[in-house]
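In: turn this into a model:
(2 chains)
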Amino acid sequence: EVQLVESGGGLVQPGGSLRLSCAASGFIFSSNSMTWVRQAPGKGLEWVSSISRSSDTINYADSVTGRFTISRDNAKNTLYLQMNSLRAEDTAIYYCARHHDSSTWNLWEYWGQGTLVTVSS
Amino acid sequence: DIVMTQSPDSLAVSLGERATINCKSSQSVLYSSNNKNYLAWYQQKPGQPPKLLIYWASTRESGVPDRFSGSGSGTDFTLTISSLQAEDVALYYCHQYYNTPPTFGPGTKLEI
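Out: So this is what the prediction gives:
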């Protein structure tokens, strides 16, 4: 069974940093590209960043470029999102998602339960 | 960026009746080289992550009940639930993966 478990969320002050993790199991992690998607409280879905299987392709939303860094450790079956210079508008549930088995870029088949990031003083 | 719009914003349908949700993209998401529409539909229930229902505009994800169907091409798409069940109450989002950044519609709230 595919499982994605996010962790690392919490309350942080504006300008602060957090590192999110997504532990993957139930599939060969190195075979799938991965993505972070966020959802502000009561709002819609917003793509944040994607990373290919071998980390050779990485994309970011304009809203996080220069502040967030996506990475993965295929040996540890873990996806990361380093978030720096956090702003109030970054407050959201952050989901990690696995790309579809068809290898289609940015089509997401499995999602974690999410981790809440709150940016507030 | 491709802008996705959905209509209606919310919809109330009786149990057993048909529900129809529309999605429109600001530019075509049909890739001519493979004749595929890069359009997916997700269902999100309160407190849960999104669940993939439909991709390639009309391909049902494994395990999704056949009362869910997708149609359309180019810029105009429809999600249809043929006979609404109580467990279908949720938010529904369309999503284009034609190019980067991938974008979502604002969502349609489906109620009984």
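
In: okay, CA-based contacts and neighbour counts for the rest of this
Out: Noted.

In: contacting residues around the closest residue to B:Ala40 other than its chain neighbours?
Out: The shortest distance from B:Ala40 to any non-neighbouring residue, by C-alpha to C-alpha, 6 or more residues apart in numbering or on different chains, is to B:Tyr55 (4.2 Å). Contact analysis of B:Tyr55 by C-alpha atoms under 8 Å, 6 or more residues apart in numbering or on different chains lists A:107, B:38-41, B:61.

In: let me have those residues in TSV, adding pLDDT and distance to A:Lys76 as columns.
Out: Rendered in TSV, the data for the contacts of B:Tyr55 read as follows (pLDDT from 0 to 100; distance: C-alpha to C-alpha, whole Å):
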residue	pLDDT	distance to A:Lys76
A:Leu107	92	23
B:Tyr38	97	32
B:Leu39	97	32
B:Ala40	98	30
B:Trp41	98	31
B:Glu61	96	29
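
In: of these, closest to B:Gln48?
Out: Proximity of these to B:Gln48 (C-alpha to C-alpha) peaks at B:Trp41, which lies at 15.6 Å.

In: which element, helix or strand, includes that closest one?
Out: When elements are defined using DSSP states H and E, B:Trp41 is found to belong to strand B:39-44.

In: partner residues bridging the most centrally placed residue in chain A?
Out: Computing the C-alpha centroid of chain A and ranking residues by C-alpha atoms, centre = their mean puts A:Trp36 first, at 2.8 Å. For A:Trp36, the residues forming beta bridges with it (DSSP bridges) are A:Ser49, A:Cys96.

In: surely it is in contact with A:Leu45?
Out: No - A:Trp36 sits out of contact with A:Leu45 when judged by C-alpha atoms under 8 Å, with a separation of 10.6 Å.

In: distance of A:Pro14 relative to B:Tyr55?
Out: Plainly put, A:Pro14 is 38 Å away from B:Tyr55 if you go by C-alpha to C-alpha, to the nearest Å.

In: show the pLDDT at the residue nearest to the centre of chain A.
Out: The confidence metric pLDDT takes the value 98 at A:Trp36.

In: three-state assignment of A:Ser30?
Out: Following DSSP: H, G, I helix; E, B strand; the rest coil, we place A:Ser30 in the helix state.

In: A:Val37: how many residues sit nearby?
Out: Here the count is done by other C-alpha atoms under 10 Å in any protein chain shown, and A:Val37 has 18 residues near it.

In: right, and it touches A:Leu45 too?
Out: Yes - with contacts counted by C-alpha under 8 Å, A:Val37 reaches A:Leu45, the gap being 6.8 Å.

In: dig out what the residue nearest the centre of chain B forms beta bridges with.
Out: For chain B, the residue lying nearest the average C-alpha position, counting by C-alpha atoms, centre = their mean, turns out to be B:Trp41 (3.1 Å). When bridges are taken as DSSP bridges, the partners of B:Trp41 come out as B:Ile54, B:Cys94.

In: residues in contact with it?
Out: When contacts are counted by C-alpha under 8 Å, 6+ apart, B:Trp41 touches B:52-55, B:57, B:79, B:92-95.
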